[in-house]
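**Q** Using only what follows, build the 3D model:
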Amino acid sequence: MQRSSCARRFLLVFHCTVVGIFFFVLIEGSAVAASYSFLKKVTKAYYPNDHVVLAKEVEQITFHSDGAHVDEDEVYITVLDQQGKQDMQVQSFYFDKNYSTLKVETMEVIRPQKGGPPQIIPVDLSKNSRLQAPSSNTKANIYDPSQKVMKIFIPDLDPGDTIHYRAVRKTFKSVIPGHIYGLIPIQQDFPVRYYHLEFDVPANRKLHHLIKDTVPGTVRFKTSQHGDSKKFIWEFRKVPKLVPEPHMVPFIRVAMRLLYSTLDSWEQVSRWYFGLVEPKLTPTRGIKQKVEELIQGNADEHSKIAAIFYYVAQKIRYLGITAESNRPGFEPHEVGLTFSRRYGVCRDKAALLVSMLRVAGFKAAPVLLSMGRKLDSEVVVPYFNHAIAAILDESGNPTVFMDPTSETSKQFLPDYDRDCSYLVADSKGSSLGISPVQPPETNLVLIHVKDRVGANGTLHGELKAISFGFADTIFRSIMLDKSYDDQKRFLMRFVRNKRAGIEIDNMSWTNPLDRSVPFGFSCSFRLDRAILPWPEEARKASAAASGKAQALWPLCSTPYIGLLDRWILGKANLNQRKYPLKLGYVFASKWVEELELDGEGGNIVLPVSPNMENDVFSSWTSFAVSAHRLVITRYFALKKLEVPAEEYPLLTRLQHDLRYEAALPVIVSFTK
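**A** Numbers count the residues shown, from 1 in each chain. Modelled structure (predicted):
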């Protein structure tokens, strides 16, 4: 009887335990399901045209008075298809060991399950993460052991899964002491469903902040103060993706973005950089002797400047082994060290150039440059990525900008450094500026052709080309990267691209290493069937004189006449644009063809060329006719590095007109 009672008690306890476990699992599963309920509407059905969605992000940044801060970021990214899987299977986290530490506390995959809570699949970080140097450093010939990227591979990832991670970045030293600043992109090339961003700032610090290119109806903002800290809270909901366009201006220029800073003015940054760099500029005896050697025999200022510039550009290698201790990434080495080692990165070469120019008697200063883009001027976020030098006038304004990192350039400032934000290091402080765009004629390719055509249709003659400015730099860069035979093939291909079937002989060119003369080349050529019979009805319509009418296409009958034309204008490859087109270079191309006509006379009927002149470009063709001779001059100049969307149709119309003009023949009526 007692056994029976014990057995019943055991069965009762067992039953209650099983039921308890069942309800515990049920409740726990429900809690898990509820915590991820927001993912139910992040599916391909809701986002049919997208590969990835930022389902949720909660980021909290706690700032301290000295500029140090802790960034805690929790992210849920849903992968919708195979393309999304390919894009997101490797997660990258960048940081600089000189300023911050990074810890990825959680990395897992959330996989939905039918009729139950989602499956959580942890990622083994010990097996799937790797710490390495950014590939961009290697490409730039820089070795910086402090710049790191942590790459985490997610092995078990399928469409429909959500990547969930939590990362903590601790910045223990600010670049500009005592200040915080930054730019956070809100709009991405994928939809942002929900993003909560919270700043905790000491109450005694004034924080400037601004959202630019706001998408209406997507943001809410509030502030509150609790004791010694002030909270800034932004909530972004249903932010649409920004669809990138080919060759557009930098993404961050047009995307919805948050700017914040405790800096009050750009002048503060200018003074800070002056204080950082100025102690490094003291010239050594060797530097002084080299400057005297370089400027000896150069009477005018330009020659002295050029001699010093080309020495730093060509004799000091662009190579970085970072070892600065104060402000790595901004602080140059002592100029004496750079001079003795004969290598350095941009800030080292710029500092050495400034020091040498000062020895030669010029007023010079280091300059910070935002290479490739303009900065937002409203809030001081000094995201500069390059250092150059400038010669200043008596008022401290830059008159000559110089970038000594380009070892093949004859230009003091290449076009890729133009139309960019810059800041001069100055003890009194300078304001943010935009580097000037030079006239197109400074980047000129001039082609001069003397040729002859007969009634048999053969066109033959000589071609000479000469380049200036950036066009000269491009030619030299291409040539110096090739063997002698490859150089010859490149130049012959350049001519052959003008007209199909052309035969080339006697190709010669200047030494690309000789910067004392502009780079140029010459050749002789022959083109059969340059003229074709012109139909009688077309001849009458053109009012050609009696005789055998022929349609002649001179060698300049090509849409693109110079080196840069096809490459740069080919970027205008959309019917319309929403964002500005970044062309990158201004240039001019000029072709002068002096054409002799065989025969005892003849009448010439010229095509009507669509000449165009506007704020973006100039394009025109002129003809000069005399007995047995026709001189054709074609000219094109691109005036802008960047074309706004509203002016973009000018370029699409231009390409149509250039193709149309190239198809128009010169009508020649030969007489005997």
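
**Q** When you work out contacts or count neighbours from here on, use the C-alpha atoms and nothing else.
**A** Fine.

**Q** where are the low-confidence patches of this structure?
**A** 1-34, 135-144, 320-328, 536-548, 599-602, 670-672 (pLDDT under 70).

**Q** domain ranges for it?
**A** Domain assignment for the chain by automatic domain parsing gives 2-35, 41-262, 268-436, 441-670.

**Q** the strands in the stretch 301-450 of the chain, which residues?
**A** 317-318, 320-321, 343-344, 364-369, 386-392, 398-402, 421-424, 433-434, 444-453 (DSSP state E, counting those that start in this stretch).

**Q** So for Asp189, which of those strands sits nearest?
**A** Between Asp189 and the strands of the stretch 301-450 of the chain, the tightest spacing by Cα to Cα is seen for strand 421-424, at 25.1 Å.

**Q** And the closest one, what does it pack against?
**A** helix 266-277, strand 364-369, strand 433-434 (3 or more Cα pairs under 8 Å, 6 or more residues apart in numbering; DSSP states H and E).

**Q** ok, His302 - contacts?
**A** By Cα atoms under 8 Å, 6 or more residues apart in numbering, His302 lies in contact with nothing.

**Q** circling back to that earlier point, as TSV, the strands of the stretch 301-450 of the chain with mean neighbour count and distance to Leu597 would be great.
**A** Output for those, formatted as TSV (neighbours: other Cα atoms under 10 Å; distance: least, Cα to Cα, whole Å):
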stretch	mean neighbour count	distance to Leu597
strand 317-318	21	54
strand 320-321	16	60
strand 343-344	22	58
strand 364-369	27	54
strand 386-392	24	53
strand 398-402	19	49
strand 421-424	26	54
strand 433-434	18	51
strand 444-453	21	5
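
**Q** Which one of those strands lies nearest to Ile120?
**A** The nearest among the strands of the stretch 301-450 of the chain, by Cα to Cα, is strand 320-321 at 43.4 Å.

**Q** that older thread, quick one, which of the domains of the chain is packed in tightest?
**A** Most buried of these by mean neighbour count (mean count of other Cα atoms under 10 Å) is domain 268-436; its value is a mean of 20.

**Q** quick one: Val592 is in a strand?
**A** Yes - Val592 forms part of a strand when assessed by DSSP: H, G, I helix; E, B strand; the rest coil.

**Q** who's it bridged to?
**A** His448, Thr633 (DSSP bridges).

**Q** My guess is it contacts Leu630. True?
**A** No - look at Val592 against Leu630 with Cα atoms under 8 Å: they stay out of range, at 10.5 Å.

**Q** follow-up on the earlier one: quick check: which of the helices and strands packed on strand 421-424 is nearest to Tyr422?
**A** It's strand 364-369; of the helices and strands packed on strand 421-424, that one is closest to Tyr422 (Cα to Cα) at 4.4 Å.

**Q** Need the CA coordinates for that closest one. PDB is fine.
**A** Extracted in PDB, the C-alpha atoms of strand 364-369 (Å, rounded to 0.1, in the frame of the first residue of the first chain):
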ATOM      1  CA  ALA A 364      54.300  78.200 -47.800                       C
ATOM      2  CA  ALA A 365      52.000  76.200 -45.700                       C
ATOM      3  CA  PRO A 366      50.600  72.600 -45.400                       C
ATOM      4  CA  VAL A 367      47.100  72.100 -46.600                       C
ATOM      5  CA  LEU A 368      44.500  69.500 -45.600                       C
ATOM      6  CA  LEU A 369      42.400  68.300 -48.600                       C
END
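
**Q** one step back: any chance of the strands of the stretch 301-450 of the chain in a markdown table, with distance to Leu650 too?
**A** Shown next, in a markdown table, are the strands of the stretch 301-450 of the chain (distance: least, Cα to Cα, whole Å):
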| stretch | distance to Leu650 |
| --- | --- |
| strand 317-318 | 40 |
| strand 320-321 | 43 |
| strand 343-344 | 43 |
| strand 364-369 | 31 |
| strand 386-392 | 33 |
| strand 398-402 | 31 |
| strand 421-424 | 27 |
| strand 433-434 | 25 |
| strand 444-453 | 22 |
